[in-house]
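Student: the sequence and its predicted three-dimensional model are supplied below.
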Amino acid sequence: QKEVEQDPGPLSVPEGAIVSLNCTYSNSAFQYFMWYRQYSRKGPELLMYTYSSGNKEDGRFTAQVDKSSKYISLFIRDSQPSDSATYLCAMRSSNDYKLSFGAGTTVTVRA
Amino acid sequence: DTAVSQTPKYLVTQMGNDKSIKCEQNLGHDTMYWYKQDSKKFLKIMFSYNNKELIINETVPNRFSPKSPDKAHLNLHINSLELGDSAVYFCASSQALATEQYFGPGTRLTVT
């Protein structure tokens, strides 16, 4: 079993819809959680960075962490065609510098 | 201004050859990384340098050797290339250990 599980999709939604992405993990020591966006043939770009449980909002993006369920989510409101990309979750514990990544979910927002 | 840059962007070579990929960051960061992304988009760390010192060295064949001439540069040399080495290699940097990582555009390596 992988340390971080993420549904690879693909996920196709109409413009304006809410996109919901999630990852589950098995290592209860994970404390720091990230979401990266990766456009085709580009490097991952950091979107959200959260510590421990709770919600964080940045514009149309909301990241949620539920440590009791070992589950994290990313919501994209009012999705745009420019949001079409692969979204990768990543996480690490407080005493480990290594990031553990999910496999990425490919999202297409249809105009 | 490109924060983390890599050269070359594409690399096509034959089995058995030796090749290098270069990475430079102009963010003033202390820590740099090499990742491998396979065909299923799975990103896996290979190496990390902090202040030119190797601190992460994952289970990677010793045909792969990183070199950090200074804090702004981290190169990856690969000897005796194999078909299974075909992947996209990403360089990343962070201000310090355990802070946000910023990725370069990637080097797509194809071994034929």
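Tutor: Right, received. Where do you want to start?

Student: the residue nearest to A:Ala111 when sequence neighbours are not counted and A:Gly16, how far apart?
Tutor: Spatial nearest neighbour of A:Ala111, excluding adjacent residues (CB to CB, 6 or more residues apart in numbering or on different chains): A:Pro81 at 4.9 Å. C-betas here are computed from N, CA, C, even on glycine. When distance is defined by CB to CB, to the nearest Å, A:Pro81 is 11 Å away from A:Gly16.

Student: now chain A against chain B: closest residue?
Tutor: In chain A, the residue that lies nearest chain B is A:Gly43 (3.7 Å; CB to the nearest CB).

Student: in terms of helix, strand or coil, where does that residue fall?
Tutor: Classification of A:Gly43 by DSSP: H, G, I helix; E, B strand; the rest coil places it in coil.

Student: tell me which helix or strand comes right after the helix or strand bottoming out on mean pLDDT in chain B.
Tutor: Lowest on mean pLDDT, DSSP states H and E among the helices and strands of chain B sits strand B:53-57, with a mean of 84. Sequence-wise, the next helix or strand downstream of strand B:53-57 (DSSP states H and E) is strand B:64-70.

Student: spell out which parts of chain A neighbour chain B.
Tutor: A:8, A:32, A:34, A:36, A:38, A:41-46, A:49, A:86, A:88, A:90, A:92, A:94, A:97-99, A:101, A:103-104 (CB under 8 Å from any CB of the partner chain).

Student: sorry, back to before: can you spell out which helices and strands pack onto the least confident helix or strand of chain B?
Tutor: strand B:43-50 (3 or more CB pairs under 8 Å, 6 or more residues apart in numbering or on different chains; DSSP states H and E).

Student: per-residue confidence averaged over the strand it packs on?
Tutor: Mean per-residue pLDDT for strand B:43-50: 91.

Student: residues in contact with that strand?
Tutor: When contacts are defined by CB atoms under 8 Å, 6 or more residues apart in numbering or on different chains, strand B:43-50 is touched by residues A:44, A:88, A:90, A:97-99, A:101, B:30-38, B:54-58, B:60, B:64, B:66, B:68, B:74, B:76, B:90, B:96-97.

Student: which residues touch A:Gly54?
Tutor: A:Gly54 makes contact with A:64-65 under the criterion CB under 8 Å, 6+ apart.

Student: what lies in contact with the least confident helix or strand of chain B?
Tutor: Under CB under 8 Å, 6+ apart, the answer for strand B:53-57 is A:97-98, B:31, B:33, B:45, B:47-49, B:66, B:68, B:97.

Student: please, which helix or strand holds the residue most central in space within chain B?
Tutor: Centroid-nearest residue in chain B: B:Trp34, 3.3 Å away (criterion: CA atoms, centre = their mean). Taking DSSP H and E as the criterion, B:Trp34 maps to strand B:31-37.

Student: so how far is that strand off the chain centroid?
Tutor: 5 Å (CA atoms, centre = their mean, to the nearest Å).

Student: what mean pLDDT does it have?
Tutor: Rounded mean pLDDT across strand B:31-37 is 94.

Student: likewise for stretch A:91-110?
Tutor: 90.

Student: could you dump it to CSV, C-alpha only?
Tutor: Taking C-alpha atoms only, stretch A:91-110 is exported to CSV below (Å, rounded to 0.1, in the frame of the first residue of the first chain):
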residue,chain,number,x,y,z
MET,A,91,2.9,15.7,2.7
ARG,A,92,5.7,15.3,5.3
SER,A,93,6.2,14.8,9.0
SER,A,94,7.8,17.4,11.2
ASN,A,95,11.0,15.5,11.6
ASP,A,96,11.5,14.4,8.0
TYR,A,97,12.5,16.7,5.1
LYS,A,98,11.2,14.3,2.4
LEU,A,99,7.9,14.9,0.7
SER,A,100,5.6,12.0,0.0
PHE,A,101,3.5,12.7,-3.1
GLY,A,102,0.3,11.3,-4.4
ALA,A,103,0.1,10.1,-7.9
GLY,A,104,-1.8,13.2,-9.1
THR,A,105,-5.4,13.8,-10.3
THR,A,106,-5.8,15.0,-13.9
VAL,A,107,-8.6,17.6,-14.1
THR,A,108,-10.2,19.0,-17.3
VAL,A,109,-12.5,22.0,-17.1
ARG,A,110,-14.7,22.2,-20.2
